[in-house]
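A.B. asks: Sequence plus the predicted model coming up.
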Amino acid sequence: MPIKDPEKRKEAQQRATEKRQGQRARFWACVVYPDSAPQDWVDRLNDGHIPTFISPLHDRDVTAKGEPKKAHWHVLAMFDQPVPPATAKEYFALAGVTAPPEKVRSGKAYSRYLIHLDDHDKEKYSPDGVHCLAGADWYELALGDDVEDLLSAIEDWIDQTQCLSYRALCGHARNERPEWMRVVRKNTIHLNAYLRSAQWEMERIGYGGAQDGGSSSAGLVKGAASAIVNMFTPKEK
């Protein structure tokens, strides 16, 4: 049925054009700078009731030439349905952003980029520093499908390092593998059982002896304890 109201007809045509040209998207991003954002910009975004992730402050990024970049936050907004750039721009304006919004094809990939999780040549940031608004869950989107793979990687690391301490595991995750943190904390029973089993094998059947020429079980445990101490020794950068 034709739309008689000229304004409504114009809006419908605009929506059809945007859809046809692929301008609409669910995920939009922007960059916020401390010196141009309102002091209460996070509260303003929160009042917009749009699920949103705000990265930790990226204050250690450098250019390809090694020069420091201007400190900034990355912001990812996740709308319930595809929206045009004008809608995203209006939302980001609450944070004082005037630049055009960035269309994001993969919410998962961008959420991981917030802490440079997959960018091995860039400074890492802690997932604990991601600010989640309006019920958004960074861990669920960024890591939700990877729990089994992450658990396997953690178990491999325990086997390789002969780690016997849950505290040491937490320390390693916190300092070196931030993407492990939630998995480590949410799977305490399983990982503690794995660590206890590894210790039993070391003490009773000389687990790992083939790697060091058949050392005694006591020597293996002593070596594992030494490795744990080394995990908490600050590394030179």
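C.D. replies: Received it, and whenever you're ready, just let me know what you need.

A.B. asks: Pull the residues that contact the host helix or strand of residue 88.
C.D. replies: In the assignment (DSSP states H and E), residue 88 maps to helix 85-92. If you take Cβ atoms under 8 Å, 6 or more residues apart in numbering as the criterion, helix 85-92 is touched by 23, 28, 30, 45, 48, 50, 75, 77, 79, 97, 100-101, 103. Glycine gets a C-beta too; all of them are placed from N, C-alpha and C.

A.B. asks: could you dump these to a markdown table with secondary structure?
C.D. replies: Converted to a markdown table, those look like this (DSSP: H, G, I helix; E, B strand; the rest coil):
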| residue | secondary structure |
| --- | --- |
| 23 | coil |
| 28 | strand |
| 30 | strand |
| 45 | helix |
| 48 | coil |
| 50 | coil |
| 75 | strand |
| 77 | strand |
| 79 | strand |
| 97 | coil |
| 100 | coil |
| 101 | coil |
| 103 | strand |
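
A.B. asks: Dump those residues to JSON lines, plus pLDDT and neighbour count.
C.D. replies: Below are these laid out as JSON lines (pLDDT from 0 to 100; neighbours: other Cβ atoms under 10 Å):
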{"residue": "23", "pLDDT": "87", "neighbour count": "16"}
{"residue": "28", "pLDDT": "98", "neighbour count": "27"}
{"residue": "30", "pLDDT": "98", "neighbour count": "22"}
{"residue": "45", "pLDDT": "98", "neighbour count": "22"}
{"residue": "48", "pLDDT": "96", "neighbour count": "15"}
{"residue": "50", "pLDDT": "98", "neighbour count": "20"}
{"residue": "75", "pLDDT": "98", "neighbour count": "26"}
{"residue": "77", "pLDDT": "98", "neighbour count": "27"}
{"residue": "79", "pLDDT": "98", "neighbour count": "17"}
{"residue": "97", "pLDDT": "97", "neighbour count": "20"}
{"residue": "100", "pLDDT": "97", "neighbour count": "13"}
{"residue": "101", "pLDDT": "98", "neighbour count": "24"}
{"residue": "103", "pLDDT": "97", "neighbour count": "15"}
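
A.B. asks: ok, which pair from those is furthest apart?
C.D. replies: Maximum pairwise distance among the contacts of helix 85-92 (Cβ to Cβ): 22.5 Å, between 23 and 45.
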